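> Quick one: sequence and predicted model below, then my questions.
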Amino acid sequence: MEIGRSNRSRFYETHPDVGALRRRVLGRLAADPNRHFYFPNVVGGRYAPGNIGAIRYLLKCVRDDTSDIVELGSGWSSNLFQLYVGLGRTRSETIHYHGAEFTKSGRSAALALAAHDAHIRYGAYHFDYRKPDLSFLPEGKGHVLVFTRHSVEQVDLISDELYSQLAARRRPITLVHIEPVAWQSDPKLLRKRLKDDAWFFGWVKFRMARGFLTGRNQLHNAAWWSWRLGYNVNLLAIIDRFREKKLVELVAAFPDFDAQANIVNPSSLYHIQFLNDETAG
């Protein structure tokens with residue numbers, strides 16, 4: 001049910017700044033950090049070994065009336081294909097799978113893979129978080145599940161228009177973000193990111209390499225990684241704005257619940273329901 005990195009331990013060999021942190025976390029279990037069976041993680045905002053299945057959570061969001069499943073920033077659509085396998089061919093007969101991806105290579109790879117199964121109803125479409133266009137999503141009455149998984153992270157500032165277009169649809173829409181953005185809830189860290197405060201994040205890196213794990217250090221370390229790669233800074237602000245407008249409801253939030261691939265870039269899950277006419281009725 002999971003298609004991911006074949007050897008996650010390799011990540012820590014190529015990023016020595018994070019290696020010391022990994023050894024400290026796994027050392028709490030007396031685990032051998034050189035055995036790839038053991039992965040450091042983030043659970044409930046604290047460093048520890050553990051795991052929650054993002055794909056299994058998405059499977060639970062599929063309803064009896066779900067007719068479309070959309071992944072934004074889908075790459076080669078491995079997540080969509082996992083959902084297809086998890087739901088099974090019979091259930092998928094009434095579901096359209098949509099891979100919305102910026103890169104031509106990602107779309108081409110996904111179409112080539114989908115062609116190996118004559119039963120999946122799959123389409124690949126160009127998508128840009130800065131200029132979102134959801135015209136590929138057909139009108140209808142069925143429920144739509146839209147999700148992102150570490151793709152919003154790649155764009156520093158995404159457009160509010162994404163939420164506006166979803167809110168304008170007169171059909172029930174669920175949106176699930178699985179993104180490393182929980183640190184954005186800390187006003188101080190967000191200000192430091194927006195100011196591109198190199199001195200502050202240099203200090204965070206210094207402390208992280210010396211094994212500071214507890215309390216707010218986990219959020220600081222995640223913000224440092226985001227700063228280092230120029231990752232997203234405005235997803236939580238958009239969610240808050242649309243909640244204030246009473247256009248969406250936050251059904252569930254699991255900040256920093258999973259970090260198997262990278263302990264300083266933990267996934268957070270935000271389950272959102274759009275309050276359009278169809279849903280409210």
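Yep, it's here.
> Now do the residue nearest to Arg241 when sequence neighbours are not counted against Gly106, distance only.
Spatially, and ignoring its direct neighbours in sequence, Arg241 is nearest to Asp160 (7.1 Å; CB to CB, 6 or more residues apart in numbering). Backbone N, C-alpha and C define where each C-beta goes, glycine included. Per CB to CB, to the nearest Å, Asp160 is found 24 Å from Gly106.
> Now find how far off-centre the longest strand along the chain is within its chain.
The residue-count maximum for a strand in the chain (DSSP state E) belongs to strand 248-258. With CA atoms, centre = their mean, to the nearest Å as the basis, strand 248-258 stands 11 Å off its chain's centre.
> mind listing what Ile95 touches?
Taking CB atoms under 8 Å, 6 or more residues apart in numbering, we find Ile95 in contact with Val62, Thr66, Ser67, Asp68, Ile69, Leu87, Arg121.
> Can you tell me which of those residues has the most neighbours?
Among the contacts of Ile95, the one with the most neighbours (other CB atoms under 10 Å) is Ile69, at 26 neighbours.
> List the strands paired with the longest strand of the chain, with their directions.
strand 267-274 (antiparallel) (DSSP bridges).
> and the partner strand, average pLDDT?
In this model, strand 267-274 has a mean pLDDT of 95.
> now swap in stretch 142-154 and tell me
Regarding stretch 142-154, the rounded mean pLDDT is 97.
> Run the chain-centre distance for it.
7 Å.
> Buried residues, that stretch. List them.
Buried positions in stretch 142-154, judged by neighbour count with 16 or more other CB atoms under 10 Å: Gly142, His143, Val144, Leu145, Val146, Phe147, Thr148, Arg149, His150, Ser151, Val152, Glu153.
> Render the CA-only coordinates of the longest strand of the chain in PDB, please.
Presented in PDB, the C-alpha positions along strand 248-258 are these (Å, rounded to 0.1, in the frame of the first residue of the first chain):
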ATOM      1  CA  VAL A 248     -14.800  25.900   4.600                       C
ATOM      2  CA  GLU A 249     -14.900  23.800   7.800                       C
ATOM      3  CA  LEU A 250     -11.800  22.300   9.300                       C
ATOM      4  CA  VAL A 251     -12.900  18.700  10.000                       C
ATOM      5  CA  ALA A 252      -9.600  17.500  11.500                       C
ATOM      6  CA  ALA A 253      -6.000  18.500  11.900                       C
ATOM      7  CA  PHE A 254      -3.000  16.400  12.700                       C
ATOM      8  CA  PRO A 255       0.000  18.700  12.900                       C
ATOM      9  CA  ASP A 256       3.400  17.000  12.400                       C
ATOM     10  CA  PHE A 257       2.100  13.400  12.500                       C
ATOM     11  CA  ASP A 258       4.600  11.700  10.100                       C
END
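> is it fair to say Trp224 lies in a helix?
Yes - looking at Trp224 with DSSP: H, G, I helix; E, B strand; the rest coil, it is inside a helix.
> Now do the helices in this protein.
For the chain, the helices defined by DSSP state H cover 9-14, 16-27, 54-61, 78-87, 104-114, 161-168, 187-194, 198-209, 217-229, 235-244, 277-280.
> before we move on, the earlier item: now, the contacts of Ile95 that are in strands?
Per DSSP E, the contacts of Ile95 map to strands at Thr66, Ser67, Asp68, Ile69.
> OK, contacts around the second one?
So the one you mean is Ser67. Contacts for Ser67 (CB under 8 Å, 6+ apart) come out as Thr94, Ile95, His96, Gly140, Gly142, His143, Val144.
> can you tell me which of these lies nearest to Val176?
Val144 (11.5 Å; CB to CB).
> Of all the helices of the chain, which one is nearest Asn262?
helix 9-14 (6.2 Å).
> what's the average pLDDT for that closest one?
pLDDT averaged over helix 9-14 gives 61.
> Kindly list the main-chain dihedrals of Lys131?
Per-residue torsions, Lys131: phi -140, psi 70 (degrees, to the nearest 10).
> mind listing what it touches?
Ser159, Glu161.
> Find me the pLDDT at it, would you?
pLDDT at Lys131 comes out at 97.
> these two touch, right, Asp186 and Asn217?
No - in this structure, Asp186 is not within contact of Asn217 by CB atoms under 8 Å, at 11.8 Å.
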